[in-house]
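# Quick one, structure for this:
(one chain, ligands or ions: 1)
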Amino acid sequence: MPAVVTRYNQADIHDPKVKNTFINGINAFNSLSNSGGEIGGSYSTLVAIHRHPHNFHTADGPIGIQRFLTWHRVYLSVLEYWVSSIPNYQDFYIPYWDWTIDRDIPNWLKNFKPHVNIPNTESIPPEPSSVDPVDVSRTPPPAGQDGEFSLPTENKINDCLRKPTYTEFTMTLESLHANVHAWVGGTMRDLLTSPADPLFWLHHANIDRIYTSWRKQHVDNYDTIPNLSGPDLNMDPWAGTEPEYRHWDWVAYDKLISV
Ligand SMILES: [Cu+2]
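Predicted coordinates:
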């Protein structure tokens with residue numbers, strides 16, 4: 001894992017170099033071939049891991065509920081690890097999109113919709129014949145108008161941060177997070193493709209920031225830690241267990257939320 005990374009609010013980034021590092025870093029990672037042999041070592045194979053059975057959403061059942069936040073926490077760090085390993089991109093990090101304030105797709109990312117050849121298989125490297133080509137698409141409602149889904153409000157997030165137990169907190173947050181996927185629409189709405197959209201990472205960085213904020217306000221006891229044991233603690237396909245990622249110190253946020 002890399003040394004300490006600070007993730008900033010995308011709206012506060014005014015240095016074009018930082019934005020270019022994000023966009024060009026993902027493009028460089030996306031241009032690596034699928035056949036590096038390292039799991040998740042190219043953008044398309046990393047995206048593909050989100051379609052493999054690693055039990056990390058409520059839809060996967062009770063264990064998925066408990067693994068959602070930690071699993072995605074590792075997933076984000078793995079992207080930062082790989083992209084920052086590419087020459088010239090050592091400063092790469094994932095900014096976060098605070099959709100409670102910025103109620104539209106960030107302008108600088110509106111045209112960043114890469115083409116990703118997602119391997120449609122669990123074997124790494126994948127067979128060339130089993131690639132699911134995706135051109136990132138989005139279908140948000142017109143600016144200023146309500147669509148079928150709405151972005152979570154600050155009030156909703158504050159209510160979520162007041163949930164006293166881990167299970168209540170994570171279930172509420174995952175459900176609010178799903179609204180953002182549905183609001184963006186297109187590639188983001190389908191869990192088989194969602195991480196292909198670069199917005200996925202900014203959205204999940206905000207979710208992780210909310211988790212970090214909640215964590216700060218809750219000491220570890222039976223009710224405030226994920227209810228996991230045995231192999232469910234392993235954040236497969238990567239090494240490391242939930243307790244190791246709970247109080248991570250290699251990622252920081254410029255601002256946390258206190259309620
Ligand atoms: Cu998500």
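
# Tell me the secondary structure of the residue nearest the centre of the chain, please.
Nearest to the geometric centre of the chain sits residue 204, at 3.3 Å (C-alpha atoms, centre = their mean). Under DSSP: H, G, I helix; E, B strand; the rest coil, residue 204 falls in the helix class.

# Next one: it from residue 59, what distance?
Residue 204 sits 16 Å away from residue 59, going by C-beta to C-beta, to the nearest Å. Any C-beta I mention is one placed from the backbone N, CA and C, and that applies to glycine too.

# and the gap between residue 51 and residue 134?
Taken as C-beta to C-beta, the span from residue 51 to residue 134 is 11 Å.

# returning to that earlier point: just checking, the residue nearest to the centre of the chain touches residue 75?
Yes - using C-beta atoms under 8 Å, residue 204 is in contact with residue 75, at 7.4 Å.

# got the contact list for residue 61?
Neighbour list for residue 61: residue 55 [criterion: C-beta atoms under 8 Å, 6 or more residues apart in numbering].

# Can you pull out the residues in contact with stretch 159-178?
By C-beta under 8 Å, 6+ apart, stretch 159-178 touches 57-58, 65-66, 68-69, 152, 156-157, 203-204, 207, 210-211, 213-214, 217-218, 223-227, 257, 259.

# sorry, back to before: so what's the residue count around the nearest residue to the residue nearest to the centre of the chain once chain neighbours are set aside?
Once flanking residues are discounted, residue 204 sits nearest to residue 72: 5.2 Å by C-beta to C-beta, 6 or more residues apart in numbering. Per other C-beta atoms under 10 Å, the neighbour tally for residue 72 reads 24.

# same thing with residue 147?
By other C-beta under 10 Å, the residues close to residue 147 number 13.

# Tell me where the stretch 101-250 of the chain has helices.
Secondary structure of the stretch 101-250 of the chain (DSSP state H, counting those that start in this stretch): helices located at 154-161, 166-184, 199-216, 242-246.

# related to what we said a few turns ago, which neighbours do residue 51 and residue 134 share?
Listed as contacting both residue 51 and residue 134 by C-beta under 8 Å, 6+ apart are residue 118.

# Compare those two (neighbour count), which wins?
Per other C-beta under 10 Å, whichever of residue 51 and residue 134 has more neighbours is residue 134, with 22 against 19.

# Residue 119 versus that one, what's the distance?
Relative to residue 119, residue 134 is positioned 11 Å away (C-beta to C-beta).
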